[in-house]
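**Student:** need a 3D model of the following:
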Amino acid sequence: MLGSRWGQHPLSRRGLALLGLLAFFLFLPGRASTPPFDRDEPRYMEATAQMLESGNFVDVRFQDKPRYLQPAGIYWLEAASVAVTGTLKTRAVWAYRLPSLLAMSAVVVLTAWMGSILFGATAGLAAGVMLMVSVLVSAESRMGTIDSTLLLSVVLAQAALLRALCDREAGRPTFLRTALLYWGAIGCGLMLKGPVILIPSLATPLCLAAVERNFSLWRRLRPAWGWLVSLAILLPWCVAIGVVSHGEFFRRAVGTNFLGKVASGQQAHGLPPGYHLLVFLIAFWPGSFFAAAALPAVLKSRTLLSVRYLLCWIIPHWVVFEAIATKLPHYVLPTYPAIAILTAGMLAQGAPVWAGWPRAVWARLALGAYGILWTAVGVALALAGPVLVWTLEHTLSLPALILAAGTLPLVGLSVVFICRSELRKALLASVASAVLLYIGLFTVVVPRLHSIWLAPRLTALVTAHRPCGQMEVSSVSFSEPSLVFLLGGKVHLEGAADAARRMQANEACAVALVDVKDSEAFLAALGPARSRVQTYGSVTGMNYSNGHHLTISLYGLTPR
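**Tutor:** Predicted structure coming up:
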């Protein structure tokens with residue numbers, strides 16, 4: 001029976017290594033060719049670059065402003081990557097994204113290992129692959145942000161917890177290193193994003209203990225002193241930043257950023273409960289339909305310890321983030337490995353646990369409707385390449401069309417298998433379509449969308465018309481952090497009047513980037529110096545962060 005023979009048929013080390021390499025190479029395309037994604041990613045990149053340039057590894061800053069949102073862990077990881085690769089001066093984006101690549105590849109391997117411990121090698125492999133090809137995982141693995149490394153901390157803590165659970169069921173003692181891994185992973189998570197790591201890592205064992213009315217698993221983790229391990233990782237930096245910021249970091253990071261998200265939607269991300277459930281259709285595609293189809297089997301098997309453990313991982317975290325006011329898709333990312341394992345575990349079982357489509361008419365209709373939506377998402381993703389190139393660049397891309405022609409039949413084949421209740425074959429077909437989609441999308445389509453990559457083109461324009469070595473650049477109409485990062489942090493984001501004053505004070509070396517809508521205000525602020533204005537060129541495109549179409553010119557003054 002399901003879950004009764006844990007750990008007897010885990011994936012081999014060779015199998016796990018091959019899966020890790022597959023994940024690594026799937027996440028690799030587009031890492032160097034895709035510019036920084038506004039707005040969060042270049043903020044991490046610029047703050048990391050300033051950390052290396054200043055030698056200050058405690059007080060994280062973006063230009064001259066403190067960045068008191070979370071601890072310094074992610075900046076240390078990216079700084080180490082940039083230092084090792086020697087890419088600080090060139091501002092190569094791929095170096096800042098390297099920790100996310102390695103972390104997400106490791107998450108896939110750990111997910112497969114945990115799945116094989118719980119449900120066997122086949123289920124473990126399917127879980128790792130399902131997680132690897134999901135839309136959100138594919139996107140996060142390519143960005144130099146915090147979420148991939150945080151997910152690794154969560155999964156490491158869960159792997160230690162599963163090891164302790166296996167020890168309990170086998171009646172053997174739990175080694176000290178398991179407890180150290182558990183609390184060490186929590187400490188690393190605290191250094192990455194503060195208290196967020198506590199929700200999945202503490203809620204899972206405590207929820208399981210409450211359901212079982214048995215706290216023996218919790219005691220195996222040495223909670224009496226284990227929290228000191230986490231504290232030892234976090235406390236030195238906390239003391240240092242407390243002294244440097246005079247306590248301002250804790251007021252902003254905890255009071256404003258963390259608790260503020262609970263009470264009200266920050267940065268226009270306030271949404272009602274149910275948001276994550278709706279977004280799951282796209283974010284976990286193609287695995288989202290199979291997760292929904294596995295629900296009847298999950299309900300039948302809910303008394304099994306393996307299923308109960310995974311539900312105690314998923315449900316508390318999901319409920320918390322559906323309840324808080326601020327919502328973004330990646331907030332429930334820590335549940336995705338558990339969902340992948342649970343789904344793969346159900347699909348890997350035979351009757352009576354898994355019997356294909358649900359028997360109740362209403363359940364069949366609901367799953368059928370979900371399948372139609374799932375198919376629509378698959379078709380939309382397959383057609384996204386040529387549609388985006390045509391819409392944004394007004395060109396017909398043959399490689400993008402070939403990509404769609406290869407992806408669409410696989411989506412159709414998976415639908416055929418779904419209609420036949422051959423869900424394992426449908427999963428294989430949909431995984432193949434996702435792999436082809438991501439490789440093509442990040443190698444063919446995204447780098448060709450020149451009209452939305454304004455920051456690299458503006459940087460090239462400024463670099464090509466550098467009036468002197470110590471140039472001062474003002475950006476009046478484009479204030480995205482990607483421009484700050486690509487210009488080495490040496491740009492002033494200010495209004496038309498301030499840019500005009502700066503140019504008049506430093507006529508030989510000051511330039512300004514101004515959109516056509518702001519040009520009259522800028523020129524008027526120059527006063528008599530307006531007659532000496534020189535235009536070095538223009539860049540036209542769309543700021544995808546706010547949807548505004550811009551025509552930005554580079555202005556300078558002819559010396560007297």
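**Student:** helices of the stretch 51-200 of the chain, residue ranges please.
**Tutor:** 73-85, 93-119, 121-132, 135-140, 147-170, 176-193, 198-212 (DSSP state H, counting those that start in this stretch).
**Student:** and for the stretch 201-350 of the chain?
**Tutor:** 216-220, 223-245, 248-250, 259-263, 275-283, 287-293, 295-300, 305-323, 336-347.
**Student:** with mean pLDDT as extra columns, can I get these in JSON lines?
**Tutor:** Formatted as JSON lines, those follow (pLDDT from 0 to 100):
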{"stretch": "helix 216-220", "mean pLDDT": "97"}
{"stretch": "helix 223-245", "mean pLDDT": "96"}
{"stretch": "helix 248-250", "mean pLDDT": "91"}
{"stretch": "helix 259-263", "mean pLDDT": "55"}
{"stretch": "helix 275-283", "mean pLDDT": "96"}
{"stretch": "helix 287-293", "mean pLDDT": "96"}
{"stretch": "helix 295-300", "mean pLDDT": "91"}
{"stretch": "helix 305-323", "mean pLDDT": "96"}
{"stretch": "helix 336-347", "mean pLDDT": "96"}
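**Student:** quick check: which of the helices of the stretch 51-200 of the chain is nearest to residue 438?
**Tutor:** Smallest distance to residue 438 across those (C-beta to C-beta): 5.2 Å, for helix 135-140. All C-beta spots, glycine's among them, are computed from the backbone N, C-alpha and C.
**Student:** if you count neighbours, what's buried in stretch 302-321?
**Tutor:** 304-314, 316-318, 320-321 (16 or more other C-beta atoms under 10 Å).
**Student:** tabulate the helices of the stretch 51-200 of the chain in JSON lines, adding columns for mean neighbour count, distance to residue 392 and mean pLDDT.
**Tutor:** Below are the helices of the stretch 51-200 of the chain laid out as JSON lines (neighbours: other C-beta atoms under 10 Å; distance: least, C-beta to C-beta, whole Å; pLDDT from 0 to 100):
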{"stretch": "helix 73-85", "mean neighbour count": "20", "distance to residue 392": "30", "mean pLDDT": "98"}
{"stretch": "helix 93-119", "mean neighbour count": "25", "distance to residue 392": "21", "mean pLDDT": "97"}
{"stretch": "helix 121-132", "mean neighbour count": "26", "distance to residue 392": "28", "mean pLDDT": "96"}
{"stretch": "helix 135-140", "mean neighbour count": "22", "distance to residue 392": "18", "mean pLDDT": "97"}
{"stretch": "helix 147-170", "mean neighbour count": "23", "distance to residue 392": "26", "mean pLDDT": "97"}
{"stretch": "helix 176-193", "mean neighbour count": "22", "distance to residue 392": "33", "mean pLDDT": "97"}
{"stretch": "helix 198-212", "mean neighbour count": "19", "distance to residue 392": "38", "mean pLDDT": "96"}
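**Student:** re the thing from before, so which of the helices of the stretch 201-350 of the chain is nearest residue 445?
**Tutor:** That would be helix 275-283 among those, by C-beta to C-beta, at 17.5 Å.
**Student:** then that closest one to PDB, C-alphas only?
**Tutor:** What follows is helix 275-283, C-alpha atoms only, in PDB (Å, rounded to 0.1, in the frame of the first residue of the first chain):
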ATOM      1  CA  TYR A 275      -6.100  34.500  -5.800                       C
ATOM      2  CA  HIS A 276      -3.400  31.900  -5.400                       C
ATOM      3  CA  LEU A 277      -5.800  29.100  -6.300                       C
ATOM      4  CA  LEU A 278      -6.700  30.900  -9.500                       C
ATOM      5  CA  VAL A 279      -3.100  31.700 -10.500                       C
ATOM      6  CA  PHE A 280      -2.100  28.100  -9.800                       C
ATOM      7  CA  LEU A 281      -3.600  27.100 -13.100                       C
ATOM      8  CA  ILE A 282      -0.900  29.100 -15.000                       C
ATOM      9  CA  ALA A 283       1.900  29.100 -12.400                       C
END
